[in-house]
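>>> please work out how this folds:
(3 chains)
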Amino acid sequence: MSDQEAVLDIQGLSVDYGVGADAVHAVVDVSLRLARGEVLGLAGESGSGKSTLAYAVTRLLRAPGVITGGQAWFAVDDGPAVDLMAADAHQLRKLRWSEISVVFQSAMHALNPVMRIGRQLSDVIRAHRPGLSSSELKQRAVRLLGLVGIDGDRLGSYPHELSGGMRQRVMIAMALALEPKVVIMDEPTTALDVVTQREILEELIGLRDRLGFSVLFITHDLSLLIELADSIAVMYAGRLVERAPARTLFDSPCHPYTYGLRGSFPALSGERSRMTGIPGSPPDLRNVPSGCAFHPRCGYALEQCRHDTPKLLQLAGGTADRSVACWLHDGDRTPPAELTDHPPVVEAGNTVGGAA
Amino acid sequence: MSVDVDPELIALPDEPVVAVRASRLRLPRSPKILIGFALLVLFLLLAVLGPILAPHDPSATTADLLQPPSGAHWLGTTQSGQDVFSQLLVGARSTVLIGFLAGATATALSIVVGVTAGFVGGLVDDILSLVTNVFLVIPALPLLIVMAAYLPQSTSSNPVVIGLIISLTGWAWGARVLRAQTLSMRRRDFVESARVIGEPRWRIIGHEILPNLAAIVMSSFLFTVLYAIGTFVALAFLGVVDVSHWSWGSMLFWAESLNAAQVNAWWWFFPPGLAIALLGTSLALVNFGIDEFINPRLRAAGLSRKVARRAGLPRRAKLGLTPVLGGHR
Amino acid sequence: MPHLLRRLAFYLVTAWAAITVNFFLPHLMPGDPVQNLVARSEGKLSPQAVDALRVQLGLSGHQSLWGDYFRYWGQLFHGNLGLSTSFYPAQVSTVLSAALPWTLILVGTATVISFVVGTLAGALVAWRRGSWLDGVLPVSTFFQAVPYFFFALVLLIFFGNDLGWFPIAGGFDQGMSPGLSLPFVGSVIQHGFLPAVTIVASSIAGWILSMRNMMVTTMDEDYVLVAEAKGLPGRQVVGYAARNAILPSVSSFSLSLSFVVSGALLTEIVFSYPGIGFQLLQAVQSEDFPLLQGIFLIITFAVLAANLVADLVYTLLDPRTRQEA
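Sure, this is the predicted structure:
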């Protein structure tokens, strides 16, 4: 991927909570590239740093979060890319929502309970595009609601008058109000029931196809990403451990953690198979294991894994852009068969989605 | 019965304070709370030792009429030559005593009403809430004046009686707060599990609920004492309460009715007024501390000045502007 | 709507309670109330006044207690609060109707100013947390603890006596005739200035502190972060938070009003302002019980009305109350 294509280029971003000796390293040296129109899924357990990363990129992280290093280059139309880490309040304000917007996890808490949703949709438009008349603003708001399938006469409703699914749709409509290049979605469907979840995700895909924005989709549910994402990045204990195109990640995960994640949820079709989880629990970020943070739970751990933290390595061979942070794939080593590009087809039912 | 949005509800800590272990007690270190506490102790001492320390009999008249502060009379004298300083010291006792007595009675009453209403619920809750709200809305001072006015002469000079009727108007607020907290706690897991196990009600209230309410009860107590002192002083100022007993309020009564203001005898009414203000401030400051203990978000958190400067960060991060280490934002 | 109706019903119940207490109080105290009053008044009551009092309190022995109670209600509905003994034979309602507007205007104006300025200040202090504005808090706390009338005395001496900037007594210049003329209004403002400042200064701290505390909590909410994420100008982000943070201040209005009323009464006394407070002092000093009770009722009704207005405002501010699901 050439530099011109990346709309968001995160380089070596590190984020701590707190300052000094007691600081907790929530994100450590993460580099990611988001291309125009790409849907990048960011997956991991709670505490993996995925949400922290997303909020830190937009400088929306609450205290005591502190960014301790790295840059986040954002491509703007008029001029060179802007490093969001170095931007001042004025620049950030300009970029926010018009170029990058965020969909929060719980729409009930993310919508102002005492303001009508029409007003919440239009105030951001007014802030960034002054000079629009109020009727124009209203028209745009109606159109936005129409985008997500909500009737225009709901403009005067308050958040508590809408159902959970509708609220989340309003959030998505709101995020698209200024036609941004990047939309960050922080577990947007976690609070919803499965049926609504499906509907919203499908709408999202449709919208993305129509409007062509990039999406950074954060979730702990890997299974959602297979249909939604173009590529997936997996985080563990604040670090990036694997990145690959979505389908490839599912078919042939290279990192033991990803492999374990994939085996953690059952396929809906195909024969029944034994589920493997990942033994142990995610590390306490104040007490991260030495070397590779995953090694205590890893079935393939080597001696080196206990001492040296693996760096993200580009995998040679294969068609697409793949990287993994694991000593198993380092240099001349031969990784176990199930962790290669072409894993053997396992006993019936274990490939995701049934028939490949 | 609809419940208003109670701000006190939000102040409850996320984790129940199960047992007040010493390690859990993060005692506040902020200076204003320590000052408040120190002042409070000072006034309590004054209340106890005042009459002993007073150089003169406060009611004794002398020939030095309306003298400004001097060596002989540290705070000057009144219209009839009485020593203001002695009046202040002696008056401290009844003022502080009645304030704390009324505060304690009112707090006890509010615990009984509030916790019962919150815990039992149903019709009992409806009735108790109604009574609480009625007492809350009815203006206290006019009611007290009417009540005190009808008391026979002998009773109205009894400080205990005064304290009691003041507490009758001061319990409602605490009851409302405690009811709200009890309600929210009743639904919490640790209370539910106690119920399921079959613990008797009184045990649940005594062991599970009350310890967690401790901080709020304390805060409510201090607030009520503040109110009681203010009300008592007001009643004395108006002359509703027997003014032959010395208290800060009665000092102000005499100062007002003998026109101390008009003759610029500031030393006469400044001391009691200032004393009341300081006592009130100390109570409020200690209350601050308790507030911050209950709601950690109110604490003056953020980085210490040294750490912040060394790291090149602002002391308090602005919302929406995550600080970058080494940056100049 | 159901929310408001419920509040109205509550206020009616409270009014009933106040009236009932007012009626029964003389009967609850030990001894014959009229004898007590005569003893306390030390000869200030004329025989006619005593008789009128007896009839009024229902102690003339002609009717049963319940009969008197209903008669009392009847009187109230006719606006008859009894006869004042110190202004005998003037009606209590007459005495009070002259004083009431002064108090209402003074307290009403001062409370509104205090609320508005206090809430704005509280929001600002919370927003700029960690700045010098935090120093406002201990200062406000101190002022909150200063008794109203003490503050009034200080202002009276300093600005009234010493500097002579403001008059030290009365509601308006003695020579003027009341009316809506400019000089009269100007004089009213001049006389009401110091009392109003006293009330505002003593009550504003409560609003500041309560708003500040609520803002700190509200600013942790997601929707405030969303407002920042939207790139809205600072004012609007504060607005997002403030519009929610103000709700508890409005709903706890009744408690605050109770304090303001007490303080305002005492302030009026210090400034010899011709309002209800002044009448109150008069009534206490002359043992004019009908007047005292009348004042209690009037103040209670005024407070209830103010609370109803506050509830109305709350309903307007919080859309969630309009729907009782």
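>>> hey, let's count contacts and neighbours off CA atoms from now on
Noted.
>>> for the host helix or strand of residue C:279, C-alpha coordinates in PDB please.
Residue C:279 belongs to helix C:276-285 when assigned by DSSP states H and E. Written as PDB, here are the backbone C-alpha positions of helix C:276-285 (Å, rounded to 0.1, in the frame of the first residue of the first chain):
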ATOM      1  CA  ILE C 276     -43.100  40.800  55.900                       C
ATOM      2  CA  GLY C 277     -40.000  40.400  57.900                       C
ATOM      3  CA  PHE C 278     -40.500  43.700  59.600                       C
ATOM      4  CA  GLN C 279     -44.100  42.800  60.400                       C
ATOM      5  CA  LEU C 280     -42.800  39.600  61.800                       C
ATOM      6  CA  LEU C 281     -40.500  41.400  64.300                       C
ATOM      7  CA  GLN C 282     -43.400  43.600  65.200                       C
ATOM      8  CA  ALA C 283     -45.600  40.700  65.800                       C
ATOM      9  CA  VAL C 284     -43.100  38.900  68.000                       C
ATOM     10  CA  GLN C 285     -42.400  41.900  70.000                       C
END
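>>> next secondary structure after that helix?
helix C:289-317.
>>> show me what that next one packs onto, helices and strands only.
Judged by 3 or more Cα pairs under 8 Å, 6 or more residues apart in numbering or on different chains; DSSP states H and E, the packing partners of helix C:289-317 are helix B:140-150, helix C:2-28, helix C:92-127, helix C:234-251, helix C:253-270, helix C:276-285.
>>> one more time with 10 Å, if that's ok
When contacts are defined as 3 or more Cα pairs under 10 Å, 6 or more residues apart in numbering or on different chains; DSSP states H and E, helix C:289-317 sits against helix B:122-137, helix B:140-150, helix C:2-28, helix C:47-56, helix C:92-127, helix C:234-251, helix C:253-270, helix C:276-285.
>>> now do the same end-to-end measure for stretch A:99-108.
24 Å (Cα to Cα, to the nearest Å).
>>> near chain B, anything from the helix holding residue C:279?
Yes. Looking at helix C:276-285 against chain B by Cα under 10 Å from any Cα of the partner chain, the contacts come from C:277, C:280, C:281, C:282, C:284, C:285.
>>> need the least confident one among the helices and strands packed on helix C:289-317, by mean pLDDT.
Lowest mean pLDDT within the helices and strands packed on helix C:289-317: helix C:47-56, a mean of 67.
>>> now check the longest helix along chain B, is it near chain C?
Longest helix in chain B by number of residues (criterion: DSSP state H): helix B:84-120. No. Figure legend: helix B:84-120 not in contact with chain C (Cα under 10 Å from any Cα); closest approach 13.8 Å.
>>> who's in contact with the most centrally placed residue in chain C?
By Cα atoms, centre = their mean, chain C has its centre lying nearest to residue C:261, at 2.9 Å. Contacts for residue C:261 were tallied using Cα atoms under 10 Å, 6 or more residues apart in numbering or on different chains; they are B:139-142, C:103, C:107, C:111, C:199, C:267, C:277, C:299-300, C:303.
>>> could I get the phi/psi values of the one residue in the stretch 51-200 of chain C that gets nearest to chain B?
In the stretch 51-200 of chain C, the residue that lies nearest chain B is residue C:146 (4.3 Å; Cα to the nearest Cα). Main-chain torsions, residue C:146, degrees, to the nearest 10: phi -70, psi 130.
>>> against residue B:187, how distant is the nearest residue to it once chain neighbours are set aside?
Of all residues not flanking residue C:146 in the chain, residue B:277 sits nearest, at 4.3 Å (Cα to Cα, 6 or more residues apart in numbering or on different chains). Residue B:277 is 41 Å from residue B:187, where distance means Cα to Cα.
>>> what's the answer for residue A:249, then?
Taken as Cα to Cα, the span from residue A:249 to residue B:187 is 45 Å.
>>> swap in residue A:312?
48 Å.
>>> so which of the two has more stuff around it?
More neighbours surround residue A:312 than the other of residue A:312 and residue B:187, with 21 against 11 (other Cα atoms under 10 Å in any protein chain shown).
>>> now do the phi/psi pair for that one.
phi -70, psi 120.
>>> contacts only, for it.
Residue A:312 neighbours (Cα under 10 Å, 6+ apart): A:29-31, A:239-243, A:322-327, A:330.
>>> most neighbours of all the residues you listed, which one?
Busiest of the contacts of residue A:312 [other Cα under 10 Å] is residue A:243, holding 29 neighbours.
>>> quick check, that residue in contact with residue A:250.
No. Using Cα atoms under 10 Å, residue A:243 is not in contact with residue A:250; the gap is 11.2 Å.
>>> now for those two: what residues contact both?
Common neighbours of residue A:243 and residue A:250, using Cα under 10 Å, 6+ apart, are A:232, A:258.
>>> could I get the buried residue list for stretch C:139-149?
Residues of stretch C:139-149 classed as buried: C:140, C:141, C:142, C:143, C:144, C:145, C:146, C:147, C:148, C:149 (neighbour count, 16 or more other Cα atoms under 10 Å in any protein chain shown).
>>> distance check, the fifth one against residue B:136.
Here the criterion is Cα to Cα. By it, residue C:144 lies 20 Å from residue B:136.
>>> ok, now how distant is the residue of the stretch 101-250 of chain B found nearest chain A from residue B:114?
Of the residues in the stretch 101-250 of chain B, the one nearest chain A is residue B:184, at a distance of 19.9 Å by Cα to the nearest Cα. If you measure residue B:184 against residue B:114 using Cα to Cα, the figure is 12 Å.
>>> swap in residue B:313?
Going from residue B:313 to residue B:114 by Cα to Cα gives 46 Å.
>>> these two: who's more crowded?
When residue B:313 and residue B:114 are compared for neighbours, residue B:114 comes out ahead with 29 against 22, by other Cα under 10 Å.
>>> so which bits of the stretch 51-200 of chain C are right by chain B?
Residues of the stretch 51-200 of chain C lying near chain B by Cα under 10 Å from any Cα: C:126-131, C:134, C:138-151, C:153-154, C:156-158, C:160-162, C:168.
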